[in-house]
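[1] Okay, structure incoming, though there's no sequence with it:
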């Protein structure tokens, strides 16, 4: 798979669950169903051209902010975006 | 990967907020929350007028100064006439407009912002001197304030390898 210099997937459509697992492994994360719910939400939002923020994930009904940090420790939005195969988030919040 | 390691040279960020203007408080909160978001250890220390940001009754009513703020502009981009800022209600209206614009960018109100910072493991502190000076009690402070610290205690918390202190 082709990735950017920072390790983000080049092609959104190339993504599948196996690739997600591989990317997650690089981040030291073992993916569960709860992780995939967040990843799918991020992919949907990205397709709708939403500006992704931690707050938006917290209001998604899938997980709260605390839960998001627990699922993807040490930089949840960046890590989850990378594993979800979407570009690096550009938001300051 | 090399890039990521470079980004993480800073391991800990401590932000001091000494002013109670909307924009000064938000600068501190954005910096602290941004650190938490990037997996850094983050602490915010509210002192002097910045204490308003953690006083429950005041935290969501912060305002931006319409007097003595030469950068302030009207929605059309023209400079705001100086005398306009003196009219009662104008400062509140301008502040509400700022808050609305920030909300559109997903920047939350102060209490929710503190919620986000602490949810990610960031810590919020109030300054003992300011608490004593403004005669504020612990009950007046937001639940997100984990302690009231002296300056020495703050330095203890802020110290460490690759630690930065930012004064907004």
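    Great, that's in hand. It should be emphasised that the depicted structure is a prediction, and the values quoted were computed from it without experimental measurement.

[2] I'd like to know the predicted local confidence at the closest residue in space to residue B:97 that isn't next to it in sequence, please.
    Residue nearest to residue B:97 in three dimensions, not counting chain neighbours: residue B:75, with 7.6 Å by CB to CB, 6 or more residues apart in numbering or on different chains. From N, CA and C alone the C-beta is placed, and that goes for glycine too. pLDDT for residue B:75: 88.

[3] Does residue B:75 belong to a helix, a strand or coil?
    coil (DSSP: H, G, I helix; E, B strand; the rest coil).

[4] what's the neighbour count on it?
    8 (other CB atoms under 10 Å in any protein chain shown).

[5] For chain A, which segments count as helices?
    A:17-26, A:33-47, A:54-58, A:65-71, A:76-83 (DSSP state H).

[6] and these, which is most packed in?
    Across these, averaging neighbours per residue (mean count of other CB atoms under 10 Å in any protein chain shown) puts helix A:76-83 on top, at a mean of 24.

[7] show me the contacts for residue B:110.
    Contact analysis of residue B:110 by CB atoms under 8 Å, 6 or more residues apart in numbering or on different chains lists B:25, B:29, B:53, B:59-60, B:62.

[8] please redo it, this time with the cut-off set to 6 Å
    B:53, B:59-60 (CB atoms under 6 Å, 6 or more residues apart in numbering or on different chains).

[9] So for it, what's the pLDDT?
    At residue B:110, pLDDT is 98.

[10] try the one 5 residues further on
    Residue B:115 is assigned 97 on the pLDDT scale.

[11] so residue B:54 makes contact with residue B:46?
    Yes - with contact defined as CB atoms under 6 Å, residue B:54 reaches residue B:46; the gap is 5.0 Å.

[12] what sits in contact with each of the two?
    Residues within reach of residue B:54 and of residue B:46 at once, by CB under 6 Å, 6+ apart, are residue B:126.

[13] Please report the distance of the spatially most central residue of chain B from residue B:47.
    When CA atoms, centre = their mean is applied to chain B, the residue found nearest the centroid is residue B:25 (2.8 Å). Taking CB to CB, to the nearest Å as the measure, residue B:25 falls 12 Å from residue B:47.

[14] Same check on residue A:66?
    With CB to CB as the criterion, residue A:66 and residue B:47 are 27 Å apart.

[15] next one: residue B:120
    Per CB to CB, residue B:120 is found 22 Å from residue B:47.

[16] Tell me which of those two has more neighbours.
    residue B:120 (26 against 22).

[17] show me what contacts that one?
    Neighbouring residues of residue B:120 by CB under 6 Å, 6+ apart: A:69, B:36.
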